[in-house]
Every structure is written in structure tokens, then in C-alpha cells.
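>>> Output the structure for:
(one chain, ligands or ions: 1)
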Amino acid sequence: MKLTKRITITLDEETLKWLDRKIENKTFHNYQHAIEKLLTEKIEETRFRHFNCYEDHVTIFDEVLNRLVNIYNKDGILSCDYHQRENCDHVRFAYTLKEIQKAVEEGKIKRLPFRF
Ligand SMILES: [Zn+2]
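A predicted model of the protein is given here:
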């Protein structure tokens, strides 16, 4: 079962008016949807940090998992050690790193045609 927790928050008048306008123009369904969507966007924005770059892998820190994750170059394909696959958010983030982009340009890593 998915863990949830009921919380109460207090918003200032201007924030509340802004939220009401966004709900009225259907940007958000309701307060809960607004808070969840805004938090998710913020978390995704700051979730990953590049930690280190090695010959055969890169290490990133995942704020949500609160741990380091290694992404290996396996015969030119990036693969996440945590998920044991090639199409997770860690791999997607790894492709944004300049070291990986350089390796793709040099042909050391293949740019996969997969979609996330
Ligand atoms: Zn992963």
C-alpha cells in the first residue's frame, strides 16, 4: 500500500489567490493536485547531482533515493546499476552530462533511440 500522510499547511493570501486562479483556469484540478505537481517539478529539477566521472562509469547522487547511483558504459550502452536497465531517469540524466555528451560525440557511447 502506498504510504500517504495527511498534512495541514497555511498559505498566505496572495499565494492562495494565485492558486485559486490556477484552479479556476484548469491548470490544477484542486489544491492537492497543485501542491503535488509543483513539488514533483521542484524535486525533479534538483533531484540529481553529478558526483564523479570514471573511465567506465559515472556516479550521480539521487536526492530522492538519498544515495549514489552508478551508470556504467557497457559496450557503448549506458546502464543504471541501481535499476539494472538502460532506460531510467538516472541514465537520462547521465546523457545530459558534458562528459557523456563528449563520449557520444567521440563514438565511445551510443546515443540510444529509446524514449523515456
Ligand atoms: Zn536508474
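>>> Against Tyr31, how distant is Ile7?
According to C-beta to C-beta, to the nearest Å, Ile7 stands 12 Å off from Tyr31. Where you see a C-beta, it was placed from the backbone N, CA and C, and this is true even at glycine.
>>> Which one's more surrounded, those two?
Between Ile7 and Tyr31, counting by other C-beta atoms under 10 Å, Tyr31 is the more crowded of the two (15 against 6).
>>> what residues are up against the more buried one?
Leu19, Ile23 (C-beta atoms under 8 Å, 6 or more residues apart in numbering).
>>> where does the chain come near the ion, residue by residue?
Cys80, Tyr82, His83, Cys88, His90 (C-beta under 5 Å from the ion).
>>> May I see those organised as TSV, with neighbour count and distance to Glu106 added?
Formatted as TSV, the residues of the chain next to the ion follow (neighbours: other C-beta atoms under 10 Å; distance: C-beta to C-beta, whole Å):
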residue	neighbour count	distance to Glu106
Cys80	21	22
Tyr82	15	26
His83	14	26
Cys88	18	24
His90	23	22
